[in-house]
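> Let's see this in three dimensions:
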Amino acid sequence: MRTPRSSLLRSLLPTAAPVARLPTPVALLPASARPSLSTSSLSQLPYRPFSSLLTQRPSSSILSLLSAPSPFTASFAPQQQIRHATYGAEYQPSQIRRKRKHGFLCRKRTRNGRKTLERRWSKGRKFLSH
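Residues are numbered from 1 along each chain as shown. Modelled structure (predicted):
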């Protein structure tokens, strides 16, 4: 026997959920209902001395890892902050270096250098190279 469609839908729909009660603020409660912290209730708390907290230490391997300096900090961390960057210190002119790189003999020695000399000569340049 088949159930009617309306009863099937009713069974699938959630029923009205009970309304959750929010906790009442302590200030609105009467004095007799407020929680109090008296000295008698403090004596019922378990006693745990501070020295017992000191005896619980992590294993020595963890301590050695934490106390050992990292190999990355010494080599990569700058010792002092650079406040003024110097610019223009990259190019240090030297005539020997200039002649070695762009001179006539260097141009004459290589194939592309000879092409450069030929281009400059055909163009009519007075100086073919440095």
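
> other SSEs contacting the longest helix along the chain?
The longest helix of the chain (DSSP state H) is helix 111-123. With contacts taken as 3 or more Cβ pairs under 8 Å, 6 or more residues apart in numbering; DSSP states H and E, helix 111-123 sits against helix 104-109. C-beta here means a position set from N, CA and C on the backbone, and glycine is covered the same way.

> buried stuff in the longest helix of the chain?
Buried residues in helix 111-123, defined by neighbour count with 16 or more other Cβ atoms under 10 Å: Gly113, Thr116, Leu117.

> residue contacts, the residue nearest to the second one when sequence neighbours are not counted?
On the basis of Cβ to Cβ, 6 or more residues apart in numbering, the spatially nearest residue to Thr116 that is not a chain neighbour turns out to be Arg107, at 5.6 Å. By Cβ atoms under 8 Å, 6 or more residues apart in numbering, the residues touching Arg107 are Gly113, Arg114, Thr116, Leu117, Leu128, Ser129.

> And Arg107, how close does it get to Glu118?
Distance from Arg107 to Glu118, counting by Cβ to Cβ, to the nearest Å: 10 Å.

> Convert the C-alpha atoms of stretch 107-121 to CSV, please.
Below are the C-alpha coordinates for stretch 107-121, written out as CSV (Å, rounded to 0.1, in the frame of the first residue of the first chain):
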residue,chain,number,x,y,z
ARG,A,107,88.3,42.8,-33.5
LYS,A,108,90.7,41.5,-36.0
ARG,A,109,91.1,38.2,-34.2
THR,A,110,87.5,37.1,-34.4
ARG,A,111,85.1,36.6,-37.3
ASN,A,112,82.4,38.9,-35.9
GLY,A,113,85.1,41.4,-35.0
ARG,A,114,86.3,41.5,-38.6
LYS,A,115,82.7,42.0,-39.8
THR,A,116,82.5,45.0,-37.3
LEU,A,117,85.7,46.5,-38.7
GLU,A,118,84.5,46.0,-42.3
ARG,A,119,81.1,47.7,-41.5
ARG,A,120,82.8,50.7,-39.8
TRP,A,121,85.4,51.0,-42.7
